[in-house]
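J.: need a structure here:
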Amino acid sequence: MPGTIMQVLAGGFYLLNKIFLFLSESNKIRKRFWRINAWSVYLLGLPFWTYIFLSERNWIAAALELGGAPAMVMGLVYSVRKEQKSLRWLDHICIIAIVLGLGYSLYDFGGIVVINQYLELGTVTGFLIGTYMLAKEKPGGYLWFLIMNVSNAALMAIQDYYWLSVQQMISFCFVLSAYISVKRTVSK
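T.: A predicted model of the protein is given here:
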């Protein structure tokens, strides 16, 4: 089981991502600044989450975490460039990672037979769709992140990563606040 420092780094960087995304939605003048920081800390947390997922045999989540890196890079590139030019090859990497992670999980466990796998599927679906949509600045991505946060909080709790479970619920609050903020802006 990875130590407390690994958990703090994994959870801390991803929590900062959610805080910065919230700030990007609530401070339109500095939106680009907060978006760049959000995607940067997201990438910094990636290796720590990947290690935790791998150490617990959460193959689906680990593969998607690695496969989601291109979507994170895409979000950062879009934020820096201020353009939304499609990068199709990034989409293909994400899909390949999902297929490999799911395939290995099915092989390792002999099918989808443990609750962890269901929670991983919720985590990865919310992560992939949410990250992809937010990279393209689509507010619906926040709703997918809510699914990711709930699934991952439950997964971390049943695997005795209580700090990470609490961090996911705090992230949930920031994601929900960001969604509410962006919807208020759109409706004005």
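
J.: Report the central residue of the chain.
T.: For the chain, the residue nearest the mean C-alpha position is F127 (4.2 Å; C-alpha atoms, centre = their mean).

J.: what sits against that residue?
T.: 64-65, 68, 144-145, 148 (C-beta atoms under 8 Å, 6 or more residues apart in numbering). For every residue, glycine as well, the C-beta is placed using N, CA and C.

J.: and if you look at T185?
T.: 25, 28.

J.: Where does it sit, in terms of helix or strand?
T.: If you go by DSSP states H and E, T185 is part of helix 162-187.

J.: now do L16
T.: Assigned by DSSP H and E, L16 falls in helix 4-26.

J.: Output that helix as CSV, restricted to C-alpha atoms.
T.: Taking Å, rounded to 0.1, in the frame of the first residue of the first chain, the C-alpha atoms of helix 4-26 are listed here in CSV:
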residue,chain,number,x,y,z
THR,A,4,0.9,8.8,3.0
ILE,A,5,3.2,11.0,1.0
MET,A,6,2.2,9.3,-2.3
GLN,A,7,-1.5,9.7,-1.3
VAL,A,8,-1.1,13.4,-0.4
LEU,A,9,0.7,14.1,-3.7
ALA,A,10,-1.9,12.2,-5.8
GLY,A,11,-4.8,13.8,-4.0
GLY,A,12,-3.3,17.2,-3.6
PHE,A,13,-2.4,17.7,-7.3
TYR,A,14,-5.9,16.5,-8.4
LEU,A,15,-7.6,18.6,-5.8
LEU,A,16,-5.6,21.7,-7.0
ASN,A,17,-6.8,20.9,-10.5
LYS,A,18,-10.5,21.1,-9.3
ILE,A,19,-9.8,24.3,-7.4
PHE,A,20,-8.1,25.9,-10.4
LEU,A,21,-11.0,24.8,-12.7
PHE,A,22,-13.4,26.3,-10.3
LEU,A,23,-11.4,29.6,-10.3
SER,A,24,-11.3,29.6,-14.1
GLU,A,25,-15.1,29.5,-14.2
SER,A,26,-15.6,32.1,-11.4
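
J.: Show me the contact partners of that helix.
T.: Taking C-beta under 8 Å, 6+ apart as the rule, helix 4-26 contacts 30-35, 37-39, 41-42, 44-45, 48-49, 51-52, 134, 142, 145, 161, 163-164, 167-168, 170-171, 174-175, 177-179, 181-182, 185.

J.: Is there a quick PyMOL command that grabs whichever of those are buried?
T.: Buried members of the contacts of helix 4-26, identified by 16 or more other C-beta atoms under 10 Å, are gathered into one PyMOL selection as follows:
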select buried, resi 34+35+37+38+39+41+42+44+45+48+49+51+52+134+142+145+161+164+167+168+171+174+175+177+178+179+181+182
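
J.: from the contacts of F127, which two are the most distant?
T.: Greatest spatial distance among these (C-beta to C-beta): E65 and W144, at 15.3 Å.

J.: neighbour-wise, which of the two wins?
T.: More crowded of E65 and W144, by other C-beta atoms under 10 Å: E65, with 28 against 21.
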